[in-house]
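>>> Got a sequence here, can you model it:
(chains A, B, C and D)
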2 protein chains.
Amino acid sequence: MIRIPHERSPQMKGIRQLAEHLDISIGTVSRALNGKADVNEETRKRVLAAAEEFGYVANQSGRSLRQGTTNVIGLMIESSKETVENSDNFFLGVTDGLQSVFSRHNLDLVMLPCPSDEDPYEYLKRMVARRVVDAMIISATQRIDKRIDLLVKAKIPFVALGRSSSGGNFTWIDLDFEGVATCAVDRLVSKGHRRIAIAAPSSEINLGYVFVDAYRKALEKHGIVYDPELVIRVKSSEQGGYRAGDELLQIKDRPTAIILIYELMAIGLYRRLVEAGIVPGRDLAVIGFREEPRARFLQPTLTCFRISLPDLGAALAETLLAGMPVYSEIYHDNAHSRIWPLKLVPAESDAFLMQPEA
Amino acid sequence: MIRIPHERSPQMKGIRQLAEHLDISIGTVSRALNGKADVNEETRKRVLAAAEEFGYVANQSGRSLRQGTTNVIGLMIESSKETVENSDNFFLGVTDGLQSVFSRHNLDLVMLPCPSDEDPYEYLKRMVARRVVDAMIISATQRIDKRIDLLVKAKIPFVALGRSSSGGNFTWIDLDFEGVATCAVDRLVSKGHRRIAIAAPSSEINLGYVFVDAYRKALEKHGIVYDPELVIRVKSSEQGGYRAGDELLQIKDRPTAIILIYELMAIGLYRRLVEAGIVPGRDLAVIGFREEPRARFLQPTLTCFRISLPDLGAALAETLLAGMPVYSEIYHDNAHSRIWPLKLVPAESDAFLMQPEA
DNA sequence: CCTAGTATCGTAAACGTTTACGGAAGGCGT
DNA sequence: ACGCCTTCCGTAAACGTTTACGATACTAGG
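Down below sits the predicted model:
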């Protein structure tokens, strides 16, 4: 008696049907489609034509199961309320660069949004355990980040956008906070500023730590004593900018310049300054980090630092692939962690960076 | 002779190893993990404990292959340059609502970003052909959208965010453009405005078509003749707002109010108005559609319409599931297309909506 | 004609899981 | 003692691919 434990759909579109129709063995069809060498060029043509005609595409589950690889790369992002409200489409920008590299190797990119009510570590753990992706790109790395230890232990290839002190050795790409901070300070000092404030997120976040540290060193290089009072810890948002303005006004011997670690803060900052009768650019010099399209409409515009999102994405992709056995020899030039430079974009007129002595 | 065509990793973490360790059959382990009824409660405890200990999670490929389902829902988004620069994190906001529903059914959400240099139709075709997702959520639907025909033909369950004239019957959720336009016009008229301009995207886009149509009807309801000159077609961006300001200034018998179809346009509009010596709110009433966090810092704030992104996401998820056989009876209440209402958010002070006759 | 090599293809195992089915064991009523 | 029902578990097929290996046919060299 024949048992039919699993009823199959009547019109199944599998490689089997394709093979039957062509009257070729199923193995040959597979080899033809995958570009193997030992298949007659003429039969390959027939196979490809038939596949095109029937719209056949290999089922990913079957293929993954056999090869032990999914050909999918995951980009983990967090959808916390703060991220939703305040960050721009940073990730959408990098995905384009990622895909430009991945598509050359028939790799697909999926974004994995961690729900705001779930622990990112647990979320990542679930995703890698199910083996739905071959490799991961993680971002918003913390100074100590359990996710890194997890990926290292699970031997999942990954690259991190952002440094971390966790884990042994893994590859990362991070923005050149030191370079930006140094450049900003140098520029302000060269314009005559001595009391330079900085608005940064908590030092728990890697960015908040590294950036302020570089800011301090740059100041000391110019013989300016580091004043902790000038470090304003706020959220990286417009609201944070407004609060930074608040705190700035409280400081006695008011600073003549401020560096914003997140350019969107300028929107809130400007508002608070105007409320207090202070003209941004004239009474207070402002420099923003990471150019943000929405801030281009501020009056006056502010000097900032630009980053090419697609380029960054491509670099991330190549670095990731350099760490994967199959592609390592192709991208071995990128098999190292590195700092991503940013380009200084001076405001149209630097009038707002004038001498405070005037 | 035993052949070993496929070398297996020495320390394979499969259900088989788990079963051997427990000295239970592999089938029972599977049933225990999947919560089937015919398994002793005490053995189930043992299995779950061992799985937890070894960190075992079922391989998704194997499971998908067998069940013919991936338990993954795809959310297709486009990463065109315009989207990256101008839209906010709209999708990140809705993902949270989507996940809140999906997680109840062990469904995972992945975002599928269509590269800007690839045709969205071809991209979607690839994704569904590989059968990597069980269902899709598509957005930014065009008035005629080949993607819809594709999904209908492939019998992939899907829901669209946005109406379309394509395809036979499919379910969609769309924002209540008519309601918003009507409400905005009503409100302005009640304040004494008669010449009301509107800034909208091209009528090729569904939004640009429907919204302006509702605007026209609302005007006629109040006995105001529709003046095509007052319809300003611009991009949905800050830049578009600036250009809208440009065009507005060209209009003879200048309007006293303007409705922005995208609130971010207010940033550019304000700038242009200030350049021309026109005080927004005092000399020109402004209403924005779809509240945008970044515009909250404008002076003066403007009346707008609010939408709860997570709620919208949850509604999308439930509507999608209502169309899938397995879940249809649970969510049958949502098995219909519908209009998503928005809430009017008056500006702090409505002073800017004053009588133009004053 | 014989043999070795090459080009091409078919065969079947294996990937990890789920699940229909059968079977064993025990309880219970007749 | 027998039959029946319930509870629980093991067996093995099946999902759709890929691929190691063997088989065949043909070519070439001797």
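>>> Specify the local secondary structure of A:Met136.
Following DSSP: H, G, I helix; E, B strand; the rest coil, A:Met136 is assigned to strand.
>>> Taking helix B:265-275 as reference, get the angle to the helix or strand hosting A:Leu269.
Per DSSP states H and E: A:Leu269 is located in helix A:265-275. Helix A:265-275 runs at 40 degrees relative to helix B:265-275, counting by axes from the mean of the first three to the mean of the last three C-alpha atoms, to 10 degrees.
>>> So what's the gap between helix A:265-275 and the chain middle?
Averaging C-alpha positions (C-alpha atoms, centre = their mean, to the nearest Å) puts helix A:265-275 27 Å from its chain's average.
>>> Which parts of chain A are strands?
Secondary structure of chain A by DSSP state E: the strands cover A:72-78, A:108-114, A:135-139, A:158-161, A:171-175, A:196-200, A:231-233, A:257-260, A:285-288, A:303-306, A:338-340, A:343-345.
>>> where in chain A is pLDDT low?
A:1-12, A:80-88, A:348-358 (pLDDT under 70).
>>> Mark out where each domain of it begins and ends.
Domains of chain A are assigned by automatic domain parsing as A:1-53, A:72-169+A:309-340, A:177-307+A:343-353.
>>> what about those domains, which gets the closest to chain B?
domain A:72-169+A:309-340 (3.5 Å; C-beta to the nearest C-beta). The C-beta positions use only the backbone N, C-alpha and C, and glycine is treated the same way.
>>> So that closest one, near chain B or not?
Yes. Shown here: domain A:72-169+A:309-340 in contact with chain B (C-beta under 8 Å from any C-beta of the partner chain) through A:72, A:77, A:79, A:83-89, A:92-93, A:95-96, A:99-100, A:103, A:108-113, A:115-117, A:126-127, A:129-132, A:309.
>>> Got a ChimeraX select line for the buried ones in those?
To isolate the buried ones among the residues of domain A:72-169+A:309-340 next to chain B in ChimeraX, judged by 16 or more other C-beta atoms under 10 Å in any protein chain shown, type:
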select /A:72,77,79,83,84,85,86,87,88,89,92,93,95,96,99,100,108,109,110,111,112,113,115,116,127,129,130,131,132,309
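>>> which one's the longest helix in chain A?
As assigned by DSSP state H, the longest helix anywhere in chain A is helix A:206-221.
>>> circling back: so which of the domains of chain A is nearest B:Phe177?
domain A:72-169+A:309-340 (22.9 Å; C-beta to C-beta).
>>> Give the buried residues for the longest helix of chain A.
The neighbour-count check on helix A:206-221 (16+ other C-beta under 10 Å) flags A:206-212, A:214-216, A:218-219 as buried.
>>> Among those, which one lies nearest to B:Lys45?
Among the buried residues of helix A:206-221, and counting by C-beta to C-beta, the member closest to B:Lys45 is A:Asn206, at 42.0 Å.
>>> how about the closest residue to the closest one other than its chain neighbours, what does it touch?
Once flanking residues are discounted, A:Asn206 sits nearest to A:Arg143: 5.2 Å by C-beta to C-beta, 6 or more residues apart in numbering or on different chains. Shown in contact with A:Arg143 (C-beta atoms under 8 Å, 6 or more residues apart in numbering or on different chains): A:164-166, A:204-206, A:209.
>>> Quick check: the gap between A:Arg143 and A:Gly162.
To A:Gly162, A:Arg143 is 10 Å away according to C-beta to C-beta, to the nearest Å.
>>> For those two, list the residues in contact with both.
Common contacts of A:Arg143 and A:Gly162, defined by C-beta under 8 Å, 6+ apart, comprise A:Asn206.
>>> Can you report how many residues neighbour A:Asp227?
15 (other C-beta atoms under 10 Å in any protein chain shown).
>>> on that earlier part again, A:Val185: which of the strands of chain A is closest?
Taking C-beta to C-beta, strand A:196-200 is the member of these nearest to A:Val185, at 6.4 Å.
>>> Does anything pack onto that closest one? Which helices or strands?
helix A:177-190, helix A:206-221, strand A:231-233, helix A:238-250, strand A:257-260 (3 or more C-beta pairs under 8 Å, 6 or more residues apart in numbering or on different chains; DSSP states H and E).
>>> quick one, which of these is nearest to DNA strand D?
With C-beta to the nearest atom of the strand as the measure, helix A:206-221 is the member of those nearest DNA strand D (39.6 Å).
>>> which helices and strands sit right next to the closest one?
Applying 3+ C-beta pairs under 8 Å, 6+ apart, we find helix A:206-221 packed against helix A:177-190, strand A:196-200, strand A:231-233.
>>> which of the ones you listed is buried the deepest?
strand A:196-200 (a mean of 26; mean count of other C-beta atoms under 10 Å in any protein chain shown).
>>> circling back to that earlier point, would you list the phi and psi of the residue nearest to A:Asn206?
Taking degrees, to the nearest 10, you get phi -60, psi -40 for the backbone angles of A:Arg143.
>>> The closest residue to A:Leu22 other than its chain neighbours: how many residues sit nearby?
Among residues not flanking A:Leu22 along the chain, A:Ala50 sits closest, at 5.6 Å (C-beta to C-beta, 6+ apart). Using other C-beta under 10 Å, the number of residues around A:Ala50 comes to 17.
>>> do you know how far A:Ala50 is from A:Arg272?
In terms of C-beta to C-beta, A:Ala50 sits 67 Å off from A:Arg272.
>>> all helices of the stretch 1-150 of chain A, in order?
Secondary structure of the stretch 1-150 of chain A by DSSP state H, counting those that start in this stretch: the helices cover A:15-22, A:26-33, A:41-54, A:60-67, A:81-86, A:90-102, A:120-129, A:146-154.
>>> Please identify the most buried of the ones you listed.
For these, the highest mean count by mean count of other C-beta under 10 Å goes to helix A:90-102, at a mean of 24.
>>> ok, residues contacting that one?
For helix A:90-102, contacts defined as C-beta under 8 Å, 6+ apart pick out A:73, A:75, A:77, A:108-109, A:111, A:137, A:139, A:161, A:309-318, A:321, B:77, B:79, B:83-84, B:113, B:115-117.
>>> before we move on, back to that, so which of the residues of domain A:72-169+A:309-340 next to chain B also contact DNA strand C?
For DNA strand C, no contacts are drawn from the residues of domain A:72-169+A:309-340 next to chain B by C-beta under 7 Å from any atom of the strand.
>>> So for A:Gln239, which of the strands of chain A sits nearest?
strand A:196-200 (11.9 Å).
>>> The closest one pairs with which strands?
According to DSSP bridges, strand A:196-200 forms sheet pairs with strand A:231-233 (parallel), strand A:257-260 (parallel).
>>> Can you pull up the residues of the stretch 51-200 of chain A that come close to DNA strand D?
A:56, A:58-59, A:61-63, A:65-67.
>>> between these, which is nearest B:Val279?
Distances from B:Val279 to these, taken by C-beta to C-beta, are shortest for A:Ser61, at 61.8 Å.
>>> Next up, the contacts around that closest one.
B:60-62, B:64-65, B:70, B:131.
>>> what about 7 Å?
Residues near A:Ser61 by C-beta atoms under 7 Å, 6 or more residues apart in numbering or on different chains: B:61, B:64-65, B:70, B:131.
>>> Most widely separated two among those?
Across these (C-beta to C-beta), the longest gap, 11.4 Å, separates B:Ser61 and B:Arg131.
>>> Could I get the strands of chain A in a markdown table, plus columns for distance to B:Glu263?
Shown next, in a markdown table, are these (distance: least, C-beta to C-beta, whole Å):
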| stretch | distance to B:Glu263 |
| --- | --- |
| strand A:72-78 | 24 |
| strand A:108-114 | 24 |
| strand A:135-139 | 28 |
| strand A:158-161 | 30 |
| strand A:171-175 | 30 |
| strand A:196-200 | 26 |
| strand A:231-233 | 29 |
| strand A:257-260 | 23 |
| strand A:285-288 | 23 |
| strand A:303-306 | 24 |
| strand A:338-340 | 33 |
| strand A:343-345 | 26 |
